[in-house]
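Trainee: Return atomic coordinates for the entry below.
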Amino acid sequence: MPGRDRARDRDCAHDRAHDCVIGLDVGGTGMKGAVLDRSMQPVVSLRRPTPRAEGPDAVVAAVTEALLDLGGLAAERDLTVRHAGVVVPGIVDEGLRKAVWSANIGWRDLPLAALLERGTGLPVHLGHDVRAGGVAECALGAGRGMRNVLFVAIGTGIAAALVCDGGPVVSGGYAGELGHVVVEPGGAACSCGGAGCVETVASAAAVATRYTALTGRTVSGAAEVAALAERGDPVARAVWERAADALAAALATVTSLLAPELVVLGGGLAEADALLLDPVRAGLSERLTFQRRPVLARAELGDRAGCLGAGLAAWQAAGHPDSRPPHLLRHA
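Mentor: Just a heads-up that it's a prediction; the model follows:
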């Protein structure tokens, strides 16, 4: 009957308005989570450290606790969590729902999605932090409207996500390990077991460690080295220029192979903006001849990209057609 149909429609609309998902980005140093509504706006957010020094089991426990806390915050607001998206670093097999390997956290072949579902009672989509960030930048940030984008996150480590012809390249979870492209053969040992990887030169940790090794002065992180470089500290400038040149070398390799239209730099080091982008842009230009020259831009979503990408994947996994993210997410 018409009256009953209208009442049912009102009830459905009310339910949809109270639906939400959880997005949680687990990094090497910190976790960023949010309860997200259908318009991808955070209803409530959460940040806390990742206890990686305590071992992989402690990280799993901390992720479980964060999801439970976010679920509780959603319930306090009369919201129903339809799905949770959790994104982590390293090699992630999204089909098998496993965290295959992470140099920074230390897990191997971990059925992480199943463990989190058991610990929280929530359905969990497991994804890769940087791939999720790249998808979010393409859907909501600097890469809107582009079909061939390389997103590079420079933080504790360095990783990349490639969106090619409108879809993210996954390759069983192994695609995007830009941080382990060798730029200094025979260089410093890397946590991956190799040597001279770009991560040993241009990650935030490497920049701070290098400055301390050369000066004997402990710094709080790469941001302090950037500030010193801007003020003309010669050692800081040398460390910063070496990092930018290593990034440019790695990006030149990717450009020759995959020809992105746009390279988006995100993560902690990208907060330096022109101090990083200008020398990387110059170094990349020097190395290219016939290749398509990508536009180089700073990420728009900042450190929210991974969390938002996790939320987008969670909405997709929840199967709500009116909340389905843009076309490229169908390939994630």
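
Trainee: now could you export just the CA positions of stretch 213-230 as CSV?
Mentor: Below are the C-alpha coordinates for stretch 213-230, written out as CSV (Å, rounded to 0.1, in the frame of the first residue of the first chain):
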residue,chain,number,x,y,z
ALA,A,213,75.7,10.9,11.9
LEU,A,214,77.4,13.8,10.1
THR,A,215,77.1,16.4,12.9
GLY,A,216,76.7,14.4,16.1
ARG,A,217,73.6,16.5,16.8
THR,A,218,70.4,14.6,17.5
VAL,A,219,67.4,16.1,15.7
SER,A,220,63.7,15.5,16.3
GLY,A,221,63.1,14.3,12.7
ALA,A,222,63.3,15.2,9.1
ALA,A,223,61.2,18.3,9.6
GLU,A,224,63.9,19.8,11.8
VAL,A,225,66.5,19.0,9.1
ALA,A,226,64.3,20.8,6.6
ALA,A,227,64.1,23.8,8.8
LEU,A,228,67.8,23.9,9.2
ALA,A,229,68.3,23.5,5.5
GLU,A,230,66.0,26.5,4.9
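
Trainee: what residues does it touch?
Mentor: Outside of stretch 213-230, the residues within contact range by C-beta atoms under 8 Å, 6 or more residues apart in numbering are 204-205, 207-208, 211-212, 235-240, 268-269, 271-272, 275-276. Yep, even glycine has a C-beta here, placed from its N, CA and C like the rest.

Trainee: Just the ones of those residues in helices?
Mentor: 204-205, 207-208, 211-212, 235-240, 275-276 (DSSP state H).

Trainee: Not counting the host helix or strand of residue 67 itself, show me its contacts.
Mentor: Using DSSP states H and E, residue 67 maps to helix 56-76. Counting contacts by C-beta under 8 Å, 6+ apart, the residues outside helix 56-76 that touch it are 20, 22, 24, 26, 31, 33-35, 43-44, 46, 48, 50-52, 80-81, 84, 86, 105-107, 110, 112, 115-116, 119-120, 122, 124.

Trainee: wait, what's in contact with residue 160?
Mentor: So residue 160 contacts 130, 134, 150, 151, 152, 153, 176, 177, 178, 179, 254 (C-beta under 8 Å, 6+ apart).

Trainee: cutoff 6 Å now
Mentor: 150, 152, 176, 178 (C-beta atoms under 6 Å, 6 or more residues apart in numbering).

Trainee: separation between the most centrally placed residue in the chain and residue 176?
Mentor: Nearest to the mean C-alpha position of the chain, by C-alpha atoms, centre = their mean, lies residue 130 at 3.0 Å. Counting by C-beta to C-beta, to the nearest Å, the separation of residue 130 from residue 176 is 6 Å.

Trainee: For burial, what's the neighbour tally of residue 42?
Mentor: 17 (other C-beta atoms under 10 Å).

Trainee: can I assume it is in contact with residue 34?
Mentor: Yes - judged on C-beta atoms under 6 Å, residue 42 makes contact with residue 34 at a distance of 4.0 Å.

Trainee: how about the helices of the stretch 51-200 of the chain, start to end?
Mentor: For the stretch 51-200 of the chain, the helices defined by DSSP state H, counting those that start in this stretch cover 56-76, 112-120, 129-140, 199-202.

Trainee: Give the rounded mean pLDDT of the shortest one.
Mentor: In this model, helix 199-202 has an average pLDDT of 96.

Trainee: by contact count, what packs against it?
Mentor: helix 234-258 (3 or more C-beta pairs under 6 Å, 6 or more residues apart in numbering; DSSP states H and E).

Trainee: next helix or strand past the helix it packs on?
Mentor: Next element after helix 234-258 (DSSP H and E): strand 262-266.
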